[in-house]
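[1] Sequence and predicted structure are below.
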Amino acid sequence: MVLGRALLRPHRQPASRFAWVLVIVVAPIIGAIGYLLLGEARIGGRRRERGMAIDARLLRPATTLRDADTTRLGSYGGTFRLAASINGLGPTSGNRASLAADSNRAIDEIVADIDAAKTTVHACYYIWLADGNGLKVKDACRRAAKRGVQVRVLADAFGSRAFIGSQHWRDLKEAGVAACAAIPLGNPLMTILRGRLDLRNHRKLTIIDNRIAWIGSQNTADPEFRVKPHYAPWVDIMTRWEGPAAQQCQYLFVSDWLADGSDDPSHCLTDAVPSGSDGITAQVFGTGPTLRYDAMPSCFASLIHAAREQLTVTTPYFVPDEQILFALTAAARRRVSVKLILPARVDSRFVAATCKSYYRDLVAAGIELYEYRCGLLHAKTIVADRTVALIGSANLDRRSFELNFENNILFTDPGFAAQVMARQADYLADSRRVTMEDIERFTLGQRLWQNSVAMLSPLL
């Protein structure tokens, strides 16, 4: 029966389907249990149906880029149209954005925005820790609720489990904050029967008064990230947006809240948002297991394929599918200057080994590969041709592509893209280039370990 499910499982790459069939045939009991636990992106029938119903009825923010202005998208118009097909959120004009100097400054500025909130504060975090930055945000939310602001916070039930189980969570509720756990775990056995334990809400969003949104890679925590201090500091990137893009972030929050929250804040999506032809052209999109499985990687690949001269990518976890890997190597072979910056150390031996298994193909294609040496580079960024960029919560790995709820913002603006590139240049300054000579020094044992682990990546 399990073998039949593996063969009939839709939306699986042939390599993944073959790998599962092989495991089940070679080790029937272990393979069958493993497939039932990890082989399908099951989030539970009821939740999937609820998610699809929410998506079908939820109003989309009205403001989009005028048809006359679509020429500013240039050769990247296809990428923006592809992103629009995911959530029905089109490119918007009239946005303003700024880049936080560092992780601590980002939290301080988020707290300042919360302290200035007049109507609503909506936040969705994957990891919320009871450290310096985590408590700053908690206290700001409490202050806002006490002065009459409607504060709603979602924290992932697994990533923020310690915080949700603490007095700090109860303090939020006692102050009047509507606090909910995203994708509750409940009884682990029942969760496994309904779906997978490791399908998580990985989004990082803060929306204030329906007009300001914070988007990036940072969890609500100190850069020292004391639950995994060996890899610290965690180096993130956070951006602040004003304009129609903020309401698109609101759409993602509302869709998440309706799945787990206790009330309906969808009226926020009908508020008028000022826009204009000036400013940054930007578009928000979110993916997850309730949407089509190729939504995220196809958008990333489209952006990479559209690059003509330059492409700089940062990601902490590099476990690409074939679509992404071939898009990157093809870009380098058509003489696009491709730089890929990865952390020298990551918090998973399996991810580290899998990542290194791709080094030879990347460098052989002409990609400039760098390892960041000053902590765990957690920023997820792509800048193409110094004009178009993508920032958000999604890694270039299969977990972000198929399992997690993620959010990203795609934008075109030479000025703001230059700021992101300057930050990427800072990362490069603290990195060491990986050469073919370095790769040749991998021992036979290292190569066997790397390739063996990489063979398992399609199973996850």
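    Arrived safely. Every value quoted in this text rests on a predicted model; they were computed, and no experiment measured them. Numbering: from 1, shown residues only.

[2] what's the neighbour count on residue 154?
    Residue 154 has 27 neighbouring residues, counting by other C-beta atoms under 10 Å. (Each C-beta comes from the backbone N, C-alpha and C, glycine too.)

[3] That one falls within a strand, correct?
    Yes: with DSSP: H, G, I helix; E, B strand; the rest coil as the criterion, residue 154 is located in a strand.

[4] pLDDT-wise, which helix or strand of the chain ranks last?
    Across the helices and strands of the chain, the lowest-confidence element by mean pLDDT, DSSP states H and E is helix 188-194, at a mean of 56.

[5] CA atoms only for stretch 112-127, dumped as PDB, please.
    Taking Å, rounded to 0.1, in the frame of the first residue of the first chain, the C-alpha atoms of stretch 112-127 are listed here in PDB:
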ATOM      1  CA  ALA A 112       9.600  52.300  17.600                       C
ATOM      2  CA  ASP A 113       7.000  51.600  15.000                       C
ATOM      3  CA  ILE A 114       5.000  49.500  17.400                       C
ATOM      4  CA  ASP A 115       5.200  52.300  20.000                       C
ATOM      5  CA  ALA A 116       3.900  54.700  17.400                       C
ATOM      6  CA  ALA A 117       1.000  52.400  16.200                       C
ATOM      7  CA  LYS A 118      -2.500  53.900  16.300                       C
ATOM      8  CA  THR A 119      -4.800  51.100  15.100                       C
ATOM      9  CA  THR A 120      -3.200  47.700  14.600                       C
ATOM     10  CA  VAL A 121       0.000  45.700  15.100                       C
ATOM     11  CA  HIS A 122       0.100  42.400  13.300                       C
ATOM     12  CA  ALA A 123       3.200  40.100  13.600                       C
ATOM     13  CA  CYS A 124       4.100  36.600  12.500                       C
ATOM     14  CA  TYR A 125       7.400  35.100  13.600                       C
ATOM     15  CA  TYR A 126       8.900  31.600  13.200                       C
ATOM     16  CA  ILE A 127      11.200  31.900  16.200                       C
END
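
[6] What's the mean pLDDT across it?
    Confidence over stretch 112-127 (mean pLDDT, whole number) is 98.

[7] and what of stretch 367-375?
    The average of the pLDDT scores along stretch 367-375 is 97.

[8] What are the buried residues along it?
    Neighbour counts over stretch 367-375 (16 or more other C-beta atoms under 10 Å) mark 367, 368, 369, 370, 371, 372, 375 as buried.

[9] ok, residues contacting it?
    Taking contacts as C-beta atoms under 8 Å, 6 or more residues apart in numbering, the residues outside stretch 367-375 that touch it are 223, 231-235, 328-329, 332, 337-344, 359, 362-363, 427-428, 430-434.

[10] Among those residues, the buried ones, what's the PyMOL command?
    Filtering those down to the buried ones (16+ other C-beta under 10 Å) takes a single PyMOL command:
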select buried, resi 223+231+233+234+235+328+329+332+338+339+340+341+342+343+344+359+362+363+427+428+430+431+434
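
[11] Can you tell me which of the contacts of stretch 367-375 end up in helices?
    Within the contacts of stretch 367-375, residues falling in helices by DSSP state H are 328, 329, 332, 359, 362, 363, 427, 428.

[12] where does the protein dip in pLDDT?
    Counting by pLDDT under 70, the chain contains low-confidence residues at 1-22, 28, 30-48, 62-70, 186-197, 274-277, 458-460.

[13] Quickly list the domain ranges of it.
    Structural domains assigned to the chain are 2-40, 46-76+94-284, 295-459, following automatic domain parsing.

[14] Figure out which of those domains is closest to residue 88.
    Between residue 88 and these, the tightest spacing by C-beta to C-beta is seen for domain 46-76+94-284, at 4.9 Å.

[15] quick revisit: output the domains of the chain in JSON lines, with distance to residue 84 appended to each entry.
    Formatted as JSON lines, the domains of the chain follow (distance: least, C-beta to C-beta, whole Å):
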{"stretch": "domain 2-40", "distance to residue 84": "21"}
{"stretch": "domain 46-76+94-284", "distance to residue 84": "7"}
{"stretch": "domain 295-459", "distance to residue 84": "10"}
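
[16] Which one of these lies nearest to residue 82?
    Nearest to residue 82 among the domains of the chain is domain 295-459 (5.2 Å), distances taken as C-beta to C-beta.

[17] quick one: residue 360 and residue 437 touch, right?
    No: distance between residue 360 and residue 437: 11.8 Å, which falls outside the contact criterion (C-beta atoms under 8 Å).

[18] Could you point out which of the domains of the chain sits nearest residue 85?
    It is, among the domains of the chain and with distance given as C-beta to C-beta, domain 295-459, at 8.2 Å.

[19] How far away from the center of its chain is that closest one?
    When distances are taken as C-alpha atoms, centre = their mean, to the nearest Å, domain 295-459 is centred 14 Å away from the chain's centroid.

[20] got it, and stretch 285-298?
    Centroid separation between stretch 285-298 and its chain, computed with C-alpha atoms, centre = their mean, is 11 Å.
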